[in-house]
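Undergrad: this one's sequence-less:
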């Protein structure tokens, strides 16, 4: 399906699942539809499953927007608690369209919980309370984060088959500028790891020259932390160190520390590359906003970040809490920043890179290699430090699902053409 055909289907108000290979223009189409909704004066919500993905479409995480938070399953008491949150209710009032990007990283439990929240706030038993739902993503990319071991794609949720979805499968290529990379990614999608590996083995990486500091993608947090600490040490001067503060039940505090992504000791220097790890709309940043430390405030010593989008933001302490029965069980406070010379493959999903230094020697999950290498426009921009067999693997479930989605997209395309032809005939008669 083409981008223009997809836009026409979106404008009909149908629930839509927008999919296709990395670089096929899914985010571009979403932004075109968002512009259309703004011109019409339609109220809509822009969300994504991760913070970085949300920044690419000017949105927030679906967990934050809906009040779902980090939970997978919601019980009656959880729903009642969310219903009392006036800031969440305000988002639903008059909202007609909900956009969810990078849907592959949401699991079926979360999707069903989100449906219940929408029905509750809209006081409507239709799927998602009658709002138009626009999901976008690629199931060959990273699957839902596994906490319990039984997480499944959103296509396995109870509400998925009740949504009367139109599948729009984009097949044009707009990111990759190198036939070798396109062929490599297509071989992975086609579950042909031997042919994909052959392309890498025969490509002349020695001719790749880099005049800029490369973004580094690694599979494990430990490697990312080591690289970031090493880069920080290269900057002269003593670091400003910010210690995490916490209170509450020890076990719950430890759970909160692991979930919030904030380091217990945050060491920063002027010029350090950083990433925000929490949403603060009033302050002008969201989870995934990237920038550099410009200076430290002379009065309170807090870091001031110059973002890559041109903003200057003073990063004060942020608070993370876990509540139960309207009481705070645990709380941590820390500057909401992490060093960002290197980032994990998980965090890179949704990014576009001209060049990158990538290490896939420790890949441990299907789709991880595909996500990392599809960030690039060309193999000419790749410095590959290592790769293992898992980097070429994709989910068998994703392969079978992809076949069904292509067929459903063909049906949607044919339906659109019939409707367009019928409209033309009516116009001629008039």
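TA: Okay, I see it. Just so you know, these numbers come straight off a predicted model, no measurement behind them.
Undergrad: for residue 319, name its beta-bridge partners.
TA: In this structure, residue 319 has the following beta-bridge partners (DSSP bridges): residue 333.
Undergrad: burial measure for it, as a count.
TA: 13 (other C-beta atoms under 10 Å). All C-beta spots, glycine's among them, are computed from the backbone N, C-alpha and C.
Undergrad: residue 280 versus that one, what's the distance?
TA: Taking C-beta to C-beta, to the nearest Å as the measure, residue 319 falls 11 Å from residue 280.
Undergrad: need the contact list for residue 137.
TA: The contact partners of residue 137, taken as C-beta atoms under 8 Å, 6 or more residues apart in numbering, are 18-19, 26, 49, 101-105.
Undergrad: please tell me how far it sits from residue 73.
TA: Residue 137 sits at a distance of 21 Å from residue 73 (criterion: C-beta to C-beta).
Undergrad: quick revisit: please enumerate the shared neighbours of residue 319 and residue 280.
TA: Listed as contacting both residue 319 and residue 280 by C-beta under 8 Å, 6+ apart is no residue at all.
Undergrad: report how many residues lie close to the residue nearest to residue 170 when sequence neighbours are not counted.
TA: Nearest-residue entry for residue 170: residue 20, 3.4 Å, with adjacent residues in sequence omitted and distances by C-beta to C-beta, 6 or more residues apart in numbering. By other C-beta under 10 Å, 25 other residues sit near residue 20.
Undergrad: who are the contact partners of residue 20?
TA: 26, 138, 169-171.
Undergrad: among those, which ones are buried?
TA: For those, burial is judged from neighbour counts taken by 16 or more other C-beta atoms under 10 Å, and it is met by 26, 138, 169-170.
Undergrad: between those, which is closest to residue 196?
TA: Nearest to residue 196 out of the buried ones among the contacts of residue 20 is residue 138 (C-beta to C-beta; 16.5 Å).
Undergrad: what bridges to the nearest residue to that closest one once chain neighbours are set aside?
TA: In space, residue 138 comes closest to residue 19 once its chain neighbours are excluded; the distance is 5.7 Å by C-beta to C-beta, 6+ apart. For residue 19, the beta-bridge assignment (DSSP bridges) gives partners residue 169.
Undergrad: quick one: pLDDT of the residue nearest to residue 262 when sequence neighbours are not counted?
TA: The spatial neighbour of residue 262 that comes closest, neighbours along the chain excluded (C-beta to C-beta, 6+ apart), is residue 334 at 4.1 Å. Here, the pLDDT recorded for residue 334 equals 95.
Undergrad: quick one, what contacts residue 334?
TA: Residue 334 makes contact with 242, 244-245, 260, 262-264, 266, 317-318 under the criterion C-beta under 8 Å, 6+ apart.
Undergrad: same list (the contacts of residue 20) but as JSON lines, adding distance to residue 122 and pLDDT.
TA: Rendered in JSON lines, the data for the contacts of residue 20 read as follows (distance: C-beta to C-beta, whole Å; pLDDT from 0 to 100):
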{"residue": "26", "distance to residue 122": "26", "pLDDT": "86"}
{"residue": "138", "distance to residue 122": "29", "pLDDT": "90"}
{"residue": "169", "distance to residue 122": "29", "pLDDT": "96"}
{"residue": "170", "distance to residue 122": "30", "pLDDT": "93"}
{"residue": "171", "distance to residue 122": "35", "pLDDT": "83"}
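Undergrad: of those residues, closest to residue 85?
TA: Among the contacts of residue 20, and counting by C-beta to C-beta, the member closest to residue 85 is residue 26, at 30.6 Å.
Undergrad: isn't the closest one up against residue 16?
TA: No: taking contact to mean C-beta atoms under 8 Å, the distance of 11.1 Å between residue 26 and residue 16 leaves them out of contact.
Undergrad: need the helices for the chain, in chain order.
TA: Defined through DSSP state H, the helices belonging to the chain, from first to last, are 3-11, 26-40, 51-56, 62-66, 76-83, 86-92, 108-122, 179-189, 193-202, 221-234, 250-260, 345-348, 368-373, 396-429.
Undergrad: so which of the ones you listed is nearest residue 270?
TA: Using C-beta to C-beta as the criterion, the shortest distance between residue 270 and the helices of the chain is 11.0 Å, found for helix 221-234.
Undergrad: against residue 394, how distant is the nearest residue to residue 195 once chain neighbours are set aside?
TA: Setting aside the residues directly before and after it, residue 195 is nearest to residue 187 in space (C-beta to C-beta, 6+ apart), at 4.3 Å. According to C-beta to C-beta, residue 187 stands 10 Å off from residue 394.
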